[in-house]
Every structure is written in C-alpha cells, then in structure tokens.
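> the following block contains a protein sequence and its predicted model.
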Amino acid sequence: MQKKLHSVFGPSAGFKSVPWLPNGDAHTIYASLGNFELVDRIDYERYSDSQLRGWLSGLDISPPSSVKSFQPGEPIIFVTHGLTGGSNESYVRAVLAPLTAPKERGGLGMRAVVQNSRGCNRLPILTPKLYNACTTDDIRHAVLWISKTFPGSPIYGIGFSLGSNAITDYTGEEGDTCPLAACVSVANPFDFVAANKHIETHSLMTKYVYNYALGGALQALLARHQRVFLDSPDSLIPHDDLVKYLQARSVTLRDFDELATKNVFGYKDAYDYYAHASSSRFVERIRIPYLGLNALDDPITGRHTLPETQARMNPWVLLVRTKHGGHLGWFEYAPDGSLRRWYVQPVREWLEALIEVRNTLCLWERRRFKILRL
C-alpha cells in the first residue's frame with residue numbers, strides 16, 4: 001500500500017502549502033471564505049424522505065441515474081459531511097470530482113452517495129431530533145439502503161470533520177462485521193474533550209472566532225427549524241430555554257450542546273457528550289482499511305487529539321499527519337499552477353489501490369471457482 005501512496009510516502013511526498021497561506025488559521029479561513037463555486041462542479045440526484053421511508057431527510061447521488069445507469073459491482077463512495085454542511089460543500093466536491101469522473105477522463109468511475117444530516121443543505125427536520133458527532137444510526141440506515149439499492153457494489157466511506165468522527169464511530173462499532181470495504185477520515189477531532197478545551201483556551205482566535213462562528217452556525221440551523229422544536233409536544237428542549245437561546249446575540253459550541261445535544265440525546269451535560277462522542281475510543285476496534293488525515297496546525301481539532309497510540313497498535317489503521325493545512329484546507333499548487341486541496345491526492349491513491357486489490361482478488365476467486373467446477 002505504501003508504494004501506491006505517492007503523495008504520502010513518495011520522494012516528493014508531503015503537503016507543500018501555498019506561500020500566501022502561512023499557517024493553519026489562514027488555511028481554515030480561506031477554506032471558509034474562498035469562492036469555490038466554479039470549481040469541482042458536481043451534479044446530484046436527491047432521494048427524498050418519502051423514497052427513504054422516513055428515517056432520513058435525503059441522500060444526494062452522483063452521477064445521477066439519468067446520466068449514468070447503475071453498473072453491477074460499481075464502487076460506491078459514501079460521504080458524511082462536517083458541521084451544518086452538506087453535499088454542496090467545496091471540501092466534499094473537491095474529492096468527489098476525481099472519484100466520480102469516468103475512467104476514460106482519468107477518474108475512478110465511482111458513484112457517490114452523500115448523506116445530508118437532518119436539517120442540513122435545504123432539508124427539513126421532520127421530528128424534533130437533530131444529529132451529533134456520534135449519530136451512527138443514520139449512517140447505519142444509509143449503508144443498508146446503499147447495499148439494497150446497489151447490490152454487489154463495494155462501499156467505501158469517507159467523512160469530514162464532525163462527519164469523520166461519526167463514520168469512525170460507526171466503523172469501530174461494527175468491528176469485524178463492518179459492511180464498508182474501507183474508510184477515510186479527514187480532519188477528525190477524534191477526542192472531543194481535548195478538542196473543545198483547545199477551542200476554548202488555545203488562543204484568542206480559537207476562543208473568540210472559531211468557537212462563536214461554529215456556535216453561530218448551529219444556532220442558525222436550529223433557528224431555521226425552530227417551529228418543529230417550539231410546537232411539537234415531543235420536543236425535549238425546554239421551550240423557554242430555546243427561545244432565550246435563539247434570541248442570544250452570540251453563542252458558543254458548548255452553549256448549543258448544553259441546550260440541544262444534552263436534552264435531545266439524554267446526556268448529563270456537554271462534557272458527558274464530548275466524552276461519549278470521541279471516536280478515539282473506537283480506533284482500536286476498526287477491522288477494515290482505515291486512512292486518517294489530519295493537520296497538526298488544525299485550529300479546530302488541535303494537535304493533541306490524535307489517537308496515535310491506538311493507531312500504532314491497530315494494523316488496519318494508517319494515521320497521516322501533516323505539519324500544516326488547517327481545518328479542511330491543505331491548499332497547494334498543482335503541477336499546472338492551479339490551486340488544489342492536497343488531501344484529494346492521498347484519498348484518491350488510497351481508494352484506487354484498494355479497488356485494484358479488490359478487483360484482483362475477485363478475478364482470482366472467479367478463476368478459482370472455475371477450476372473447482374472442473
């Protein structure tokens with residue numbers, strides 16, 4: 001596998017930042033504020049809640065069935081996005097563009113299935129329930145739906161930020177019976193206790209910029225769907241506390257978790273949730289090929305959240321750390337001088353190698369079966 005990961009182990013391996021983004025803060029802010037509308041365009045076909053029988057608001061599929069019909073055995077890339085994100089996010093589209101492109105155009109010819117978390121990406125919330133960093137039931141249902149809709153297709157998972165924590169939790173929970181062929185984690189916080197402490201205390205930027213920006217994104221999400229929580233008799237969020245929260249001028253991540261996550265999911269407090277959600281607890285239980293990509297200067301996760309000991313003890317896990325890159329940034333110059341995200345290269349190399357190995361084994365099994373029949 002190391003021979004295939006040229007961007008990690010090759011002679012010119014490693015991430016080489018563009019000079020005008022000197023640190024993790026710069027990469028993170030540019031990833032959030034940069035204009036990526038005209039690059040990595042992806043066409044999706046949305047499956048609605050009625051088609052999914054009520055357990056999930058929607059899945060986005062690419063290429064759409066009208067563009068490319070299902071081919072038996074075609075590889076599927078299943079995606080879980082970051083906090084309040086969706087299939088529309090530039091960090092998702094950046095990696096899906098080369099993975100879903102046809103082989104004749106240099107792509108891997110995969111079909112993408114992106115899970116949009118409840119209430120995200122223009123989707124409604126049908127019941128007074130949200131999602132969190134360890135919501136694995138929706139992932140479990142999505143994987144079952146993919147298995148039924150695309151029978152015989154290997155499913156490769158990839159998660160970003162909050163979504164990478166959730167899919168890592170899922171992979172560890174499933175253990176030896178995990179239906180995924182492999183999993184990739186990009187910018188995973190891993191240890192939510194340490195990550196939250198980092199955001200609240202590391203620097204003025206983390207405490208007053210990222211903390212309030214992420215908290216504000218969650219407040220806006222809850223505000224868009226407030227009628228479900230204010231009017232439903234089944235809502236577990238106290239009415240008066242919710243009204244006060246929605247009227248607050250600024251809120252933090254912890255504010256949201258103390259109000260919504262704690263009450264909706266039954267945790268004692270935000271700290272109890274952070275301890276329970278941390279996917280570092282499940283790394284040692286992973287039994288499929290797993291690639292983790294993290295930047296040590298990531299201002300959201302911090303550098304002390306990585307499960308390095310667990311990764312060293314588990315032969316299924318490869319944890320790759322870069323010195324720079326920020327949170328879902330990793331901007332570098334491509335050989336043609338254009339701007340690109342570095343993590344796309346190791347993800348593609350990793351999946352291409354695994355697909356090649358799987359195809360070789362499948363061919364060997366078919367030949368072996370013919371010999372046995374003779």
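Perfect, I can see it now.

> can you give me the strands in the protein?
45-47, 59-62, 76-80, 111-115, 155-160, 182-186, 290-295, 317-322, 331-333, 339-341 (DSSP state E).

> and those strands as TSV, adding distance to residue 126, mean neighbour count and mean pLDDT?
For every residue, glycine as well, the C-beta is placed using N, CA and C. TSV is the format used below for those (distance: least, CB to CB, whole Å; neighbours: other CB atoms under 10 Å; pLDDT from 0 to 100):
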stretch	distance to residue 126	mean neighbour count	mean pLDDT
strand 45-47	15	16	90
strand 59-62	15	23	96
strand 76-80	20	25	98
strand 111-115	16	26	97
strand 155-160	24	26	98
strand 182-186	28	26	98
strand 290-295	33	25	97
strand 317-322	36	20	96
strand 331-333	38	18	97
strand 339-341	34	19	97
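
> mind putting those strands in CSV, distance to residue 17 included?
Putting these into CSV (distance: least, CB to CB, whole Å) gives the following:
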stretch, distance to residue 17
strand 45-47, 36
strand 59-62, 29
strand 76-80, 25
strand 111-115, 28
strand 155-160, 19
strand 182-186, 17
strand 290-295, 10
strand 317-322, 9
strand 331-333, 6
strand 339-341, 11
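
> among those strands, which comes closest to residue 196?
strand 290-295 (16.6 Å; CB to CB).

> that closest one pairs with which strands?
The strands that strand 290-295 pairs with in its sheet are strand 182-186 (parallel), strand 317-322 (parallel) (by DSSP bridges).

> need the ones you listed in a markdown table (columns: distance to residue 342).
Shown next, in a markdown table, are the strands paired with strand 290-295 (distance: least, CB to CB, whole Å):
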| stretch | distance to residue 342 |
| --- | --- |
| strand 182-186 | 11 |
| strand 317-322 | 8 |
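
> please name whichever of the ones you listed is nearest to residue 6.
Evaluated with CB to CB, these place strand 317-322 nearest to residue 6, the distance being 12.9 Å.

> give me the neighbour count for the closest residue to residue 91 other than its chain neighbours.
Nearest non-adjacent residue to residue 91, counting by CB to CB, 6 or more residues apart in numbering: residue 328, 4.5 Å away. Close neighbours of residue 328, defined as other CB atoms under 10 Å, add up to 26.

> what residues are up against residue 328?
Contacts of residue 328 were listed using CB atoms under 8 Å, 6 or more residues apart in numbering, and they are 28, 31, 82, 91, 160, 161, 186, 187.
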